[in-house]
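**Student:** model the following, please.
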Amino acid sequence: MTDFVLIHGAYQGGWIWNKISERLRGRGHNVIAPTLDGCAERAHQLRAGITTETHGEEIAKLLHFHDLKKAVLVGTSSGGMVMASAAEKARDRVARVVFADALALFDGEKIVDIVKQPAAINTPISRGPSREDAAGRLFASLDPALRDWAADRMTLHPIACFTEAVKLPKFWSQTWDASVLYCSGAPNPGEPHIKRAADTLKAKYHTIKTGHYPMLSTPDELTSIILNG
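**Tutor:** Numbers count the residues shown, from 1 in each chain. Okay, here's the model as predicted:
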């Protein structure tokens, strides 16, 4: 039995991992798919001061309070940065990291420097797509029922996670058991960015012919990568 912690990306919540959680639990594993501060059902907590590092601290504390000692962390999209931050903060509790078409910024880089697509909605503390944009662009390749289900659950994301430089003084110089997945149908973050992470980590490298949400579009393939590295 393995402990898996699944970390969602921007505009999402733990709900994005439902299909993967079901498959992993069906194989007898322990799965935690938390919703990060200010997101989804915790959107009422959205406020200034939420950053990649505060999200990372949240996951590091989760590992402590659940007494997870050899956890496999899986991060997608901007959750890749939260995963790296958490892993750096709780190095002795992490057995493996999986970047699932995830952002993998180096220390001092910003998400807005990598992902140039403007958001439909911007406030002083958040940004994100409208429902129409989510359905018509982000989830356009999904079947209609799944597309609408996902679009109904999108929420705004703390803006500092995009605009503030990430702080990772140790992660990229440490040795990790890592897997990196590139989704060839996703325009962002793109293969050069993802390949850079894989090369730096000397990670196992995978490609799936799907869009940016493999946990929705190709859950069996993603589950296999998560399980087997």
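**Student:** and the longest helix seen in the chain, what does it pack against?
**Tutor:** Determined from DSSP state H, the single longest helix within the chain is helix 52-65. For helix 52-65, the packing partners by 3 or more CB pairs under 8 Å, 6 or more residues apart in numbering; DSSP states H and E come out as strand 3-7, helix 79-89, helix 160-163. All C-beta atoms are positioned from the backbone trio N, CA, C, and that covers glycine.
**Student:** relative to Pro189, which of the ones you listed is closest?
**Tutor:** Closest to Pro189 of the helices and strands packed on helix 52-65 is helix 79-89 (CB to CB; 8.5 Å).
**Student:** how far off helix 52-65 does the very next helix or strand once past that closest one point, in degrees?
**Tutor:** Next along the chain after helix 79-89, taking DSSP states H and E as the criterion, comes strand 94-102. Using axes from the mean of the first three to the mean of the last three CA atoms, to 10 degrees, one finds that strand 94-102 and helix 52-65 are set 140 degrees apart in direction.
**Student:** may I see the buried residues of strand 94-102?
**Tutor:** 94, 96-102 (16 or more other CB atoms under 10 Å).
**Student:** strands paired with it, and their directions?
**Tutor:** Sheet pairing for strand 94-102, assigned by DSSP bridges, gives strand 71-77 (parallel), strand 178-183 (parallel).
**Student:** which residues are contacting it?
**Tutor:** Contact with strand 94-102 is made by 9, 63, 70-81, 83-84, 86-87, 176-183, 186, 189, 194, 197-198, 203, 212, 214-215, 222, 225-226, 229, as judged by CB atoms under 8 Å, 6 or more residues apart in numbering.
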